[in-house]
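**Q** Here is a sequence with its predicted model. Questions after.
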Amino acid sequence: MFLGIVWGVGKVVYKHIPEYFPEEVGVVGGMVGVLGGLGGFVSPIIFGYLLDSTGLWTSSWMMMLVLSAVCLIWMHRVIQKMMHEQQPDLMKKIED
């Protein structure tokens, strides 16, 4: 259930594209789409290798949980960095 919630939150990425990249909506949207398609192609292959090496059917879910957590942390750090650069006064108020 938690992984499904994280993936649902991941759809918010498309909402952030015009907010953070207003001049490059097409390029950034295309990159997100390509990476999603690439993940859809590569993931089943990786899942097969994980199943062969561990013997656990749940190893693919464990990998997706770790990958989702890494992406969430990365996105949070990138947004914080952008906010520090564009709105330093607002970030000081938030951090205090």
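**A** Looks like it came in fine.
**Q** so what secondary structure elements neighbour the helix or strand containing Ser43?
**A** Per DSSP states H and E: Ser43 is located in helix 25-54. For helix 25-54, the elements it packs on are helix 13-20, helix 59-86, judged by 3 or more Cβ pairs under 8 Å, 6 or more residues apart in numbering; DSSP states H and E. C-betas here are computed from N, CA, C, even on glycine.
**Q** Reformat those helices as JSON lines; add mean neighbour count.
**A** As requested, those are exported to JSON lines (neighbours: other Cβ atoms under 10 Å):
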{"stretch": "helix 13-20", "mean neighbour count": "13"}
{"stretch": "helix 59-86", "mean neighbour count": "13"}
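**Q** Could you report the separation of the residue nearest to the spatial centre of the chain from Met83?
**A** Centroid-nearest residue in the chain, with Cα atoms, centre = their mean: Cys71, separated by 3.9 Å. Counting by Cβ to Cβ, to the nearest Å, the gap from Cys71 to Met83 is 18 Å.
**Q** now swap in Leu50 and tell me
**A** 36 Å.
**Q** Gly33 now?
**A** Taken as Cβ to Cβ, the span from Gly33 to Met83 is 26 Å.
**Q** Give the buried residues for stretch 46-54.
**A** 47, 50 (16 or more other Cβ atoms under 10 Å).
**Q** which residues are contacting that stretch?
**A** Contact with stretch 46-54 is made by 56-57, 59-60, 63, as judged by Cβ atoms under 8 Å, 6 or more residues apart in numbering.
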